[in-house]
Every structure is written in C-alpha cells, then in structure tokens.
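> Below: sequence and its predicted model.
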Amino acid sequence: MDNNTGIRSEVSRRDFLKNCMMLTAFMGLPHSMFGKVLETAESNANLPVIWLHFQECTGCSESLLRSSHPTIASLILDKISLDYHETLMAGSGEQAEQSIHDSMLANKGKYVLVVEGGIPKGQNGVFCKVGGKTAVESLTSAAEGAAAIISIGTCAAYGGIQSVSPNPTGAVGVRDIIKNKAIVNIPGCPPNAYTFLSTILYYLTFKRLPVLDELGRPKFAYGRRIHEHCERRPHFDAGRFAKAYGDEGHAQGYCLYELGCKGPVTYANCPVQRFNDGAAWPVSIGHPCIGCTEPDILFKTSIAEKCQIHEPTPFDSYAPIDIGKKGKGPDALTTAIVGLAAGAALGAGAMMARQLPGSGEKKENKENKDDEKAK
C-alpha cells in the first residue's frame, strides 16, 4: 500500500493466483490450462499497444481504468507497453504524434491496435481530425502495421450512437473500413473491462486471438444469450413479469421482459461476470437489458420495445404459478434458486466441454454446420 496515495501498489501472491484462476475460468479454459496462464502472467511480455480514440465518450477507457479489481488491471497492464493513448499519455501535440510514429515503426507487425469510438467518413472525413489527419487516415495508417486490431465498445465495433440515422458524420465501425486484418470486436456500452483484459491475456498466452463468433466477438464472453444465465429467468419461465417500474412484480424481482428487456436476444456475459466487483449489473438492479452488444438493437430500438422471441410465454408443461399459494408447490424464491443453480451448472459444463486452444476450431465449425442442417 502506498502511504502517500492510499492506492495498493503490489499484489499478494494469494491474490495473484486467485486472479489468474478467475481469468482462466473466464476465458472458458479448463483447469489444466491454469499453469500456462500463470506462466504468461508472471512473464514480462511487454506487448506493444497503440490505442486510438475517435467518436466516443471515453467510457470504455474509464471502465477499464476504474475496474473493480485494480490489481487485475495492474497485472495485465504491466504486461503491455501502452505506447499511445490520448487520455493517459503525458505527452501532447508533436510529442504525442512522434510517440505513435516511433512505436509503429519500431514494432511493425508486432503491436496490437486498440480502437475506441466510431470512425466518421462523411464530408471527406472533416470530423474528428487529430494531428491534421482524418480518422480514416489515422486508422488506416495504424492498422497497416498491426498484428491484430481490437475494437473496444459498441461505437468502434458497429458505429454506435453516432451511426444512428440520419448519421450526419457518416460514422461506421472499424470492420467497415479495415478488411485485411484480424479484428476482435468487444462491444458494450461500455463493455466489461475483464473481457478486454482476458482477450489480451489470451493473446499473450497462446500467441493468437480467441475463437470469434460471426460478429467477431470472443465466444468465451459472447457465446451465450444473457437470458440463459439471468437470475430472473425462473420468473420468466413461471410467467411472472413486472408490468411497470415500481409495481409489486418489479419490487419482487420478476422478469423484465414486459418492460422491454432485450436479454433473450442479446449475447454477453453480463449476468455471469457483472460489474462493480461482481456485485451488480443492470437487470439485477431493476433495469431491462438494452442490448448494447448487438448492432441492430442499441440506439436503434426503444428501451421499452419488446424483442421478438420464439416463446414469449411459458410452455404448457410448466406448473401453474399459483400452486404455491395453497402450499402445494414451490414459492418464487425456491424457483429462482433452483433455476440459477441449474443454469450455472449447464454453463460451466458447456465451457469445460470445449477443447483446448488450437484444436477447437474444427469441432466448432462442424457443430455450426450440423446446427445449420438441423434448422
């Protein structure tokens, strides 16, 4: 502990091991890979990272910097060389421009480019110029020598709120401009900081990017719908829905689908990883999921608009929700606890069933083809 600032500057060995174990599980890796992750975390990797800002609110950087486990942030950030970041770097003006130029030249083909914010293309790119260069010019130049690109946040991944009609600046996501590089999308508004940190650690450990879905998102974080692990899911299955903010159902923690929750059609790890030291996430405190990781939901649909799902009402096989009133069936709390336990078990089993990195892609491709045939 730093006596002057009160900020913890060192990580105990116990906390270090716990953090590495947590990140190993978070990436969907089996326990046997813990040693490899630990070895990477203990090494001095110094991965060069260039971080560009365009049309954004800096919320993604703030989420990372103010993550609830600063020891993990320090652990990962100690393993990279953050050569350029407009918010964090001490230099400015010509000094800052020289810094990014030197890093790109010295680390060509080795550095990871992180992009935060949408990229404006309208009116020949007059918006969001930095150092006399348009955003498109800056992005294209930095992407040329990058080993890989990480688009952090919904704005960089899909264009974000700037791209909503009428989109006067012509904002787009990184993937709409860069076509010849490996791009990892980590959407969210903001995304969970540990999804980004785990992606970096995965890259350092296995020297390649994690398996991605069709939208370029890491499957370990965006492989399942929020609805599948939501603590309110048992209420959905039993037909218990909050009808208005503050009503009895809302106060008792009933499902928020009727209030516009997009959880059934949104892929993210929010109910598992959560925010604020794992203490909460929007749905747990009574606000519907707004689908911030999906390109066609956030900012493009009303928060109150209900998403279309295959089974908007419970199956006929579910027991009537009023049987508990006569003492003949489980109450709401029991239903919720059992449902959460079952969901956690299913999720853990699915993650552990995956093969080790390097051998899982063929199997996943085969499974995807089988799914398509089944449909």
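Yep, it's here.

> Okay, and residue 149 sits in which element?
strand 148-152 (DSSP states H and E).

> can I get the CA coordinates of the helix or strand following that strand in CSV?
Going down the chain from strand 148-152, the next helix or strand is helix 154-158, by DSSP H and E. What follows is helix 154-158, C-alpha atoms only, in CSV (Å, rounded to 0.1, in the frame of the first residue of the first chain):
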residue,chain,number,x,y,z
THR,A,154,-20.1,-0.6,-29.4
CYS,A,155,-19.0,2.6,-31.2
ALA,A,156,-15.8,1.1,-32.5
ALA,A,157,-17.4,-2.3,-33.2
TYR,A,158,-20.6,-1.1,-35.1
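
> Quick one: residues in contact with the following helix or strand past helix 154-158.
Beyond helix 154-158 on the C-terminal side, the first helix or strand identified by DSSP H and E is strand 171-172. The contact list for strand 171-172 (Cβ atoms under 8 Å, 6 or more residues apart in numbering) reads 55, 118-122, 155, 159-160, 162-163. Quick note: C-beta positions are derived from backbone N, CA and C, even for glycine.

> And the helices in the stretch 201-350 of the chain?
For the stretch 201-350 of the chain, the helices defined by DSSP state H, counting those that start in this stretch cover 219-222, 226-229, 233-237, 248-251, 270-273, 332-353.

> Lowest average pLDDT across the ones you listed?
Lowest mean pLDDT within these: helix 332-353, a mean of 45.

> related to what we said a few turns ago, of the contacts of strand 171-172, select the buried ones using a PyMOL command.
To isolate the buried members of the contacts of strand 171-172 in PyMOL, using 16 or more other Cβ atoms under 10 Å:
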select buried, resi 55+118+119+120+121+155+159+160+162+163
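
> and of the contacts of strand 171-172, the nearest to residue 62?
Closest approach to residue 62 among those (Cβ to Cβ): residue 155, at 13.7 Å.

> for the closest residue to that closest one other than its chain neighbours, what are its contacts?
Leaving aside its sequence neighbours, residue 155 sits nearest to residue 118 (Cβ to Cβ, 6 or more residues apart in numbering; 4.3 Å). Taking Cβ under 8 Å, 6+ apart, we find residue 118 in contact with 54-56, 155-156, 159-160, 162-163, 171-173.

> Which pair in those residues has the greatest spatial separation?
The widest separation within those (Cβ to Cβ) is 13.4 Å, between 56 and 172.

> can you count the residues close to residue 302?
Using other Cβ atoms under 10 Å, residue 302 has 8 neighbouring residues.

> The closest residue in space to it that isn't next to it in sequence: neighbouring residues, count only.
Once flanking residues are discounted, residue 302 sits nearest to residue 260: 7.0 Å by Cβ to Cβ, 6+ apart. By other Cβ under 10 Å, 18 other residues sit near residue 260.

> The stretch 51-200 of the chain: helices as residue ranges?
59-65, 70-77, 93-106, 135-144, 154-158, 193-206.

> Quick check: which of those helices has the most neighbours on average?
Counting by mean count of other Cβ atoms under 10 Å, helix 154-158 has the highest mean neighbour count of the helices of the stretch 51-200 of the chain, with a mean of 29.

> Would you pull up how far it lies from the middle of the chain?
12 Å (Cα atoms, centre = their mean, to the nearest Å).

> Same check on stretch 282-289?
On Cα atoms, centre = their mean, the centre of stretch 282-289 falls 17 Å from that of its chain.

> Same check on stretch 208-215?
13 Å.

> and that stretch, which residues are buried?
Those would be 209-212, for stretch 208-215 by 16+ other Cβ under 10 Å.

> In a markdown table, list those along with pLDDT and distance to residue 129.
Listed next are these as a markdown table, based on pLDDT from 0 to 100; distance: Cβ to Cβ, whole Å:
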| residue | pLDDT | distance to residue 129 |
| --- | --- | --- |
| 209 | 92 | 31 |
| 210 | 93 | 34 |
| 211 | 94 | 37 |
| 212 | 96 | 31 |
